[in-house]
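Undergrad: quick one: sequence and predicted model below, then my questions.
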Amino acid sequence: MATTKQDPTISEPTEVERSWSRTRLFEASVRERLEAALQPHGLACSEYAALAALHFSDDGGHLRQQVLAAAIPVQRSSLSRLVGRLQQQGLVERYHCVDDLRGVYTQITEAGRAKVREARVSYLAALEEALAGDATHALSTTAAAAVDD
(Lines give C-alpha, C1' and ligand atoms only; values in the text may rest on other atoms or scores of the structure.)
Protein backbone atom coordinates (compact mmCIF):
# COMPACT_ATOMS: atom_id res chain seq x y z
CA MET A 1 0.00 0.00 0.00
CA ALA A 2 1.41 3.36 -1.06
CA THR A 3 1.37 6.16 1.42
CA THR A 4 1.92 9.79 0.71
CA LYS A 5 4.54 11.33 2.86
CA GLN A 6 3.75 14.78 4.12
CA ASP A 7 6.44 17.44 3.95
CA PRO A 8 7.97 18.11 7.32
CA THR A 9 7.14 21.33 9.10
CA ILE A 10 9.77 23.54 10.60
CA SER A 11 8.91 25.59 13.63
CA GLU A 12 11.60 27.74 15.15
CA PRO A 13 11.48 27.64 18.98
CA THR A 14 11.05 31.38 19.60
CA GLU A 15 9.08 34.20 17.97
CA VAL A 16 12.23 36.15 17.22
CA GLU A 17 13.64 33.14 15.32
CA ARG A 18 10.36 32.64 13.47
CA SER A 19 10.26 36.34 12.60
CA TRP A 20 13.84 36.26 11.35
CA SER A 21 13.08 33.17 9.25
CA ARG A 22 10.03 34.89 7.68
CA THR A 23 12.15 37.98 6.98
CA ARG A 24 14.84 35.91 5.25
CA LEU A 25 12.25 34.08 3.16
CA PHE A 26 10.61 37.38 2.25
CA GLU A 27 13.94 38.88 1.22
CA ALA A 28 14.77 35.82 -0.90
CA SER A 29 11.38 36.03 -2.62
CA VAL A 30 11.81 39.73 -3.42
CA ARG A 31 15.40 39.20 -4.59
CA GLU A 32 14.26 36.38 -6.90
CA ARG A 33 11.75 38.72 -8.57
CA LEU A 34 14.31 41.50 -8.86
CA GLU A 35 16.93 39.16 -10.34
CA ALA A 36 14.41 38.06 -12.98
CA ALA A 37 13.48 41.68 -13.76
CA LEU A 38 17.13 42.75 -14.09
CA GLN A 39 18.28 39.77 -16.17
CA PRO A 40 17.20 41.29 -19.53
CA HIS A 41 19.34 44.31 -18.64
CA GLY A 42 22.39 42.13 -18.04
CA LEU A 43 22.55 42.94 -14.33
CA ALA A 44 22.36 41.02 -11.08
CA CYS A 45 20.74 42.61 -8.01
CA SER A 46 24.09 43.38 -6.41
CA GLU A 47 25.35 45.04 -9.60
CA TYR A 48 22.21 47.16 -9.88
CA ALA A 49 22.47 48.07 -6.19
CA ALA A 50 26.07 49.25 -6.68
CA LEU A 51 25.22 51.27 -9.78
CA ALA A 52 22.15 52.80 -8.11
CA ALA A 53 24.14 53.75 -5.00
CA LEU A 54 26.70 55.51 -7.20
CA HIS A 55 24.04 57.07 -9.44
CA PHE A 56 22.02 58.47 -6.53
CA SER A 57 24.96 59.49 -4.32
CA ASP A 58 25.24 63.17 -3.55
CA ASP A 59 28.96 63.07 -4.28
CA GLY A 60 28.93 63.24 -8.08
CA GLY A 61 28.57 59.52 -8.63
CA HIS A 62 31.70 58.36 -6.86
CA LEU A 63 32.14 56.63 -3.53
CA ARG A 64 34.98 55.12 -1.56
CA GLN A 65 34.82 51.36 -1.87
CA GLN A 66 34.10 50.83 1.86
CA VAL A 67 31.16 53.27 1.66
CA LEU A 68 29.84 51.47 -1.42
CA ALA A 69 30.23 48.08 0.29
CA ALA A 70 28.23 49.29 3.29
CA ALA A 71 25.51 50.80 1.07
CA ILE A 72 24.78 47.63 -0.88
CA PRO A 73 25.62 45.78 1.62
CA VAL A 74 28.28 43.33 0.52
CA GLN A 75 31.63 42.11 1.86
CA ARG A 76 34.60 44.17 0.66
CA SER A 77 36.18 41.14 -1.01
CA SER A 78 32.97 40.53 -2.97
CA LEU A 79 32.73 44.23 -3.83
CA SER A 80 36.11 44.16 -5.54
CA ARG A 81 34.95 41.39 -7.88
CA LEU A 82 31.59 43.09 -8.44
CA VAL A 83 33.21 46.43 -9.30
CA GLY A 84 35.64 44.57 -11.57
CA ARG A 85 32.71 43.11 -13.54
CA LEU A 86 31.07 46.52 -13.83
CA GLN A 87 34.36 48.07 -14.88
CA GLN A 88 34.82 45.47 -17.64
CA GLN A 89 31.40 46.49 -18.98
CA GLY A 90 32.40 50.17 -18.93
CA LEU A 91 29.77 51.03 -16.30
CA VAL A 92 32.20 52.22 -13.59
CA GLU A 93 35.81 53.31 -13.21
CA ARG A 94 38.14 52.88 -10.23
CA TYR A 95 40.80 55.32 -9.10
CA HIS A 96 42.97 55.99 -6.06
CA CYS A 97 42.33 58.89 -3.72
CA VAL A 98 44.94 61.62 -4.27
CA ASP A 99 45.16 62.34 -0.51
CA ASP A 100 45.34 58.70 0.59
CA LEU A 101 46.67 56.20 -1.95
CA ARG A 102 45.20 53.36 0.09
CA GLY A 103 41.71 54.73 -0.58
CA VAL A 104 40.02 53.47 -3.73
CA TYR A 105 37.03 55.21 -5.28
CA THR A 106 34.48 53.84 -7.70
CA GLN A 107 32.99 56.31 -10.19
CA ILE A 108 29.90 55.62 -12.28
CA THR A 109 30.30 56.35 -16.00
CA GLU A 110 27.71 57.83 -18.33
CA ALA A 111 27.10 54.30 -19.63
CA GLY A 112 26.49 53.21 -16.02
CA ARG A 113 24.03 56.05 -15.47
CA ALA A 114 22.19 55.07 -18.65
CA LYS A 115 22.08 51.44 -17.48
CA VAL A 116 20.52 52.50 -14.15
CA ARG A 117 17.89 54.61 -15.91
CA GLU A 118 17.07 51.72 -18.26
CA ALA A 119 16.99 48.96 -15.62
CA ARG A 120 15.24 51.05 -12.96
CA VAL A 121 11.88 50.82 -14.76
CA SER A 122 11.94 47.01 -14.55
CA TYR A 123 13.42 47.07 -11.04
CA LEU A 124 10.70 49.36 -9.68
CA ALA A 125 7.89 47.40 -11.34
CA ALA A 126 9.15 44.13 -9.84
CA LEU A 127 9.71 45.74 -6.43
CA GLU A 128 6.24 47.29 -6.35
CA GLU A 129 4.69 43.96 -7.37
CA ALA A 130 6.65 42.11 -4.69
CA LEU A 131 5.58 44.59 -2.01
CA ALA A 132 1.93 44.82 -3.12
CA GLY A 133 0.38 42.23 -0.78
CA ASP A 134 -0.83 43.30 2.67
CA ALA A 135 1.06 40.56 4.53
CA THR A 136 4.17 41.25 2.50
CA HIS A 137 3.88 44.98 3.11
CA ALA A 138 3.53 44.46 6.86
CA LEU A 139 6.59 42.20 6.88
CA SER A 140 8.66 44.62 4.80
CA THR A 141 7.62 47.54 7.02
CA THR A 142 8.66 45.57 10.10
CA ALA A 143 11.97 44.65 8.49
CA ALA A 144 12.60 48.26 7.44
CA ALA A 145 11.84 49.50 10.95
CA ALA A 146 14.31 47.02 12.41
CA VAL A 147 17.04 48.24 10.05
CA ASP A 148 16.30 51.90 10.85
CA ASP A 149 16.73 51.36 14.62
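TA: Sure thing, it's come through.
Undergrad: not counting its neighbours along the chain, what's nearest His55?
TA: Nearest non-adjacent residue to His55, counting by Cβ to Cβ, 6 or more residues apart in numbering: Val116, 4.4 Å away. Glycine gets a C-beta too; all of them are placed from N, C-alpha and C.
Undergrad: need the helices for the chain, in chain order.
TA: Per DSSP state H, the chain carries helices over the ranges 15-38, 45-55, 65-71, 76-88, 110-130, 134-148.
Undergrad: looking at these, which is buried most?
TA: Scoring those by mean neighbour count under mean count of other Cβ atoms under 10 Å gives helix 45-55 as the most buried, with a mean of 22.
Undergrad: before we move on, the earlier item: relative to Gln107, how far out is the residue nearest to His55?
TA: Plainly put, Val116 is 14 Å away from Gln107 if you go by Cβ to Cβ, to the nearest Å.
Undergrad: swap in Arg85?
TA: For Arg85, the distance to Gln107 equals 16 Å [Cβ to Cβ].
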